[in-house]
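Visitor: using only what follows, build the 3D model:
(4 chains)
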There are 2 protein chains.
Amino acid sequence: MSGRLLKEIKQTRPFSSLEEELFLNLIRTVDSLSRDHGELLKTHLLSSEQYNVLRILRGAGGSGLPCSEIGARMVTRSPDITRLLDKLVARGLVTRARSEEDRRVVHATIAPQGLAMLSTLDRPMQELNRTSLSHMSERDLRTAIALLEKMRGRGNDDSKEKP
Amino acid sequence: MSGRLLKEIKQTRPFSSLEEELFLNLIRTVDSLSRDHGELLKTHLLSSEQYNVLRILRGAGGSGLPCSEIGARMVTRSPDITRLLDKLVARGLVTRARSEEDRRVVHATIAPQGLAMLSTLDRPMQELNRTSLSHMSERDLRTAIALLEKMRGRGNDDSKEKP
DNA sequence: TGACAATAGTTGTTTTAACGAGTATTGTGC
DNA sequence: GCACAATACTCGTTAAAACAACTATTGTCA
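Guide: From the prediction side, this is the model:
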């Protein structure tokens, strides 16, 4: 049982299992790394989820995606996608249009302004990722990725994402 | 560049770097694992943060902790600790008392009812951790822990925790 | 000592997420 | 083809986070 986190949390009670220690380390690490991302996004008045949606839409290309598909690709649950899009549409970053084939469906497409916003964020975001993990070797990164995928791999019902 | 997450997110655009791939894997993994925890806690009407506070207070022992120290050990900022404690105090899980030495300080202590609540959660929580990672070898777990600690280790200004 | 800054919490307000019910449209089985 | 379920969102309400301003107490130092 490694001592670093134990010391960090100043808690006398040791972890009750390796699994718990791993879990706590995960949360702590994500929190630590996300903080920097949040700072950067905040300068552009974007929430992490809004940024997530924009990237999903950029990845989807010009034809756009139904709301449900956006919901399926991120962690947030679908009922909230509507309001998430509301804000992005209000700012002109995304356009929304009801489908003609199936009038229940609403297609969201990233607008030029949204693409521009992402463009300005790409480099600093990339820089952030790089510098915050610059002390990790490529081998470390690959090992970590493999282990994380393995963690989720159990049974594996996961079909959501959050870029 | 491993393909699992790429397939999961159905996005044609590949990761722009290993660091980004790692970061996305982290978020996704935490989200996936936390979901189960949330379900369990919800049956006891506890939020993840409330559970966190209870565990911190249990770890601190009978003398309790100042609000600021609780805030320091978790991610939540101090202004929010007050209201977090409000709910726990209202439910009789925690007691609060102003310090005599320094009357600015408020000590929070876990109440017997809070300890009981944690007791009933300990086993299922432990079970959850174990089963959700049962396919990982002990070596995997240790390697993952070490890598996560290394990730946070950079410069390292982290003095917060979230159990 | 007495003004001023620093610390520790609290309270108020505004956003934001979460949960659930409601509406419109399409698919299905009798 | 018509009731009925399923799908795809939307809307309304409630709970929680985030941010900032405020009070009370203590520490500092001219």
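Visitor: what's the burial count for the closest residue to residue A:31 other than its chain neighbours?
Guide: Computed as Cβ to Cβ, 6 or more residues apart in numbering or on different chains, the closest residue to residue A:31 that is not its neighbour in sequence is residue B:75, at 5.2 Å. C-beta here means a position set from N, CA and C on the backbone, and glycine is covered the same way. Residue B:75 has 17 neighbouring residues, counting by other Cβ atoms under 10 Å in any protein chain shown.
Visitor: can you confirm residue B:75 is in a helix?
Guide: No: for residue B:75, which was evaluated using DSSP: H, G, I helix; E, B strand; the rest coil, the result is coil, with no helix membership.
Visitor: against residue B:49, how distant is it?
Guide: 8 Å (Cβ to Cβ, to the nearest Å).
Visitor: does whichever strand or helix holds residue A:84 reach DNA strand D?
Guide: Secondary-structure element containing residue A:84, defined by DSSP states H and E: helix A:81-90. Yes: counting by Cβ under 7 Å from any atom of the strand, contacts between helix A:81-90 and DNA strand D involve A:81, A:82, A:83, A:85.
Visitor: following element in sequence after that helix, please.
Guide: Note on helix A:81-90: by DSSP H and E, the next helix or strand toward the C-terminus is strand A:94-98.
Visitor: what's the angle from the helix or strand following that following strand to helix A:81-90?
Guide: Following the chain from strand A:94-98 toward its C-terminal end, the next helix or strand by DSSP H and E is strand A:106-110. For the pair strand A:106-110 and helix A:81-90, the angle between their directions (axes from the mean of the first three to the mean of the last three Cα atoms, to 10 degrees) equals 40 degrees.
Visitor: mean confidence score for strand A:106-110?
Guide: In this model, strand A:106-110 has a mean pLDDT of 96.
Visitor: does DNA strand C have contacts with that strand?
Guide: No: Strand A:106-110 stays clear of DNA strand C (Cβ under 7 Å from any atom of the strand), getting no nearer than 10.7 Å.
Visitor: nearest to DNA strand C within chain A, name that residue for me.
Guide: Of all residues in chain A, the one sitting closest to DNA strand C is residue A:103 (3.5 Å; Cβ to the nearest atom of the strand).
Visitor: ok, that residue - how many residues close by?
Guide: When neighbours are counted by other Cβ under 10 Å, residue A:103 comes out with 8.
Visitor: for residue A:69, see how far away it is.
Guide: Distance, residue A:103 to residue A:69, using Cβ to Cβ: 17 Å.
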